[in-house]
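Asks: Here is my input, please return the structure:
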Amino acid sequence: MAGRPSDVDLEVADDQGQPVQREGHETLLPSVTRSALSTKIPVIKEARLDPSGFQDISETPRPPRPDERPRGARAGDVIGGRYVVEGQLGRGGMGRVMRVQHSALGKVFALKLIKSSIATNPRIREMFYREARLASALTHDNICSIVDFGQDEAFGLFMVMELLEGQTVHGKLKQGRLSPKVACDDLWQVADAVRFIHSRAIVHGDIKTENIFLVKTALQRRLVKLLDFGLARPELGRSEGVDGTPEYLAPERQDGAPASQASDIYALGIVFFELLTGRVPFTGAATDVMLHHKLTPVPAPSTQLGEPLDERADALVARATAKDPAQRHPDVPALLYELRALMGMLGMDQGRRRTVPAETRERRDLDHRVKAAAEVFGAVAIPMASCDPSGRVRAANPAFLEFLGVAGDAAGLQLRDSALLDLYPGLFRDLEEVVAKRRPIKRLLYLHEGGDRVIEAAILLSAAPATAEVTAGEIHLVVHPLRAITG
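Replies: Numbering: from 1, shown residues only. Got it, this is the predicted structure:
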């Protein structure tokens, strides 16, 4: 991943006025609405919200000393309390990708571990959480799925994704260029993934062959996946500086224009040129490459080959890489329409949407069930959450966050730091017992709302099913108000 994300971090103070870092959790304490629990709540130091909704803090936290920094993970280490490291899959500028196995499920995943030397940088942290949140919300056959993310006290920031067997298209091209039919097929799948994220008002920002993965599948069909949403961001219509990879960077981005659907389309045009010819159109020093993108038209792919190529391929690349964004395809569906015509001339089936109706219907039904469950969880008025035995919250609905007097989301929230312990001193003892005995525990809480008014509430702790794909080994919490008591 490349780029310069906006600063984000949070500093609060404890009862003695000393800074306390809420790592990975965006919060507003005290809450703008009164918390039923809050009697002692930390005070934010000079916090404000920028238009993107991210926190902007004027005071930069002290970086950790070298002896405080997490060490690198090795085989046998456990990350996030449940991912056992089996080995390393790769290394990049941001850190390493490890092969891990879920301790309860036995399922194997890929885990991205941010390099400890940069993980304390607020800009890197914000980029990491942004990628995880955006990518985990996207479900598409041609997008690598994110299943978990968080922070480990020993190893730092991590993100868990499906384990893909294969290689990047960039690596594949080192063996030679692709045939026109294969190039069209790969571009179709990537462009359809980009169409999908654009329909969610998200731009990718770093489309390149290094971020396109060629997957080996059991059915032996060619499947590519779009990776690495480190530069992805909602379309906010604002500039965040020049970021991206020079060989694929649209010329308007060099002038400070924000990443957009048009700049993603430009990158798709460069990718198609590379698939057809085996190389990017401009190489050399980054400044020279960017100058070429600004001033020099992208050559027609047919001029780089020693064999005929349908003129529609040249036309598609020329339009997608026009210097003026207004001259490019108006959207990705328009690019796909043009690509479909080229594929028809090459004798390929129209549209390239793979015909597996039963599988497609099952996937669509599953997506709808998942979305429906998420909507119910988010909208229900009863506070609900899931946490590990240490009290680190994975998921919480808005009612639970309001119950604790917290704004934002649950990422990084620690129950140990909340006012819940004032009302429920035996919480962690009960958490351990639920995990050990696999038996639910119910307690009564009494919440003082001011004056003589007291709310009696039940809190139910229950172990997540061992078959749960994400929350296995965790505890589900539900808080249910029972009655109001007036003294």
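Asks: Spit out the contact partners of the residue nearest to residue 138 when sequence neighbours are not counted.
Replies: Closest residue to residue 138 apart from its sequence neighbours, by C-beta to C-beta, 6 or more residues apart in numbering: residue 197 at 6.2 Å. Every residue, glycine included, has its C-beta placed from N, CA and C. When contacts are counted by C-beta atoms under 8 Å, 6 or more residues apart in numbering, residue 197 touches 138, 140, 143, 203-204, 232.
Asks: In terms of helices and strands, where is residue 197?
Replies: helix 180-199 (DSSP states H and E).
Asks: Could you point out the helix or strand that follows that helix?
Replies: Per DSSP H and E, the helix or strand that comes after helix 180-199 is strand 202-203.
Asks: could you give the mean pLDDT of that next one?
Replies: Here strand 202-203 scores 86 as its mean pLDDT.
Asks: immediately after it, which helix or strand?
Replies: The helix or strand immediately downstream of strand 202-203 is strand 212-215, counting by DSSP H and E.
Asks: circling back to that earlier point, can you turn the buried part of the contacts of residue 197 into a ChimeraX selection?
Replies: Entered in ChimeraX, the line below selects the buried ones among those, by 16 or more other C-beta atoms under 10 Å:
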select :138,140,143,203,204,232
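Asks: farthest-separated two in the contacts of residue 197?
Replies: Maximum pairwise distance in the contacts of residue 197, criterion C-beta to C-beta, is 15.2 Å, between 140 and 203.
Asks: Read off the pLDDT value for the residue nearest to residue 138.
Replies: pLDDT, residue 197: 91.
Asks: Which of the contacts of residue 197 sits closest to residue 110?
Replies: For those, the nearest to residue 110 is residue 143 (14.3 Å; C-beta to C-beta).
Asks: returning to that earlier point: which parts of the helix holding residue 197 are buried?
Replies: 180, 183-198.
Asks: How far away from the center of its chain is that helix?
Replies: Relative to its chain's centre, helix 180-199 lies at 20 Å (C-alpha atoms, centre = their mean, to the nearest Å).
Asks: Stretch 284-300 too?
Replies: With C-alpha atoms, centre = their mean as the basis, stretch 284-300 stands 31 Å off its chain's centre.
Asks: sec struct for residue 385, please.
Replies: strand (DSSP: H, G, I helix; E, B strand; the rest coil).
Asks: Closest to the centroid, which residue in the chain?
Replies: Compute the mean C-alpha point of the chain, and by C-alpha atoms, centre = their mean the closest residue is residue 132, 2.0 Å away.
Asks: what's the helix or strand for that residue?
Replies: Using DSSP H and E, residue 132 sits within helix 122-136.
Asks: how about that helix: buried residues?
Replies: Residues of helix 122-136 classed as buried: 122, 124-132, 134-136 (neighbour count, 16+ other C-beta under 10 Å).
Asks: Export these as TSV, with columns for pLDDT and distance to residue 304.
Replies: Converted to TSV, those look like this (pLDDT from 0 to 100; distance: C-beta to C-beta, whole Å):
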residue	pLDDT	distance to residue 304
122	80	44
124	72	38
125	77	42
126	78	40
127	73	35
128	75	38
129	78	41
130	76	37
131	69	34
132	75	38
134	74	35
135	73	34
136	78	39
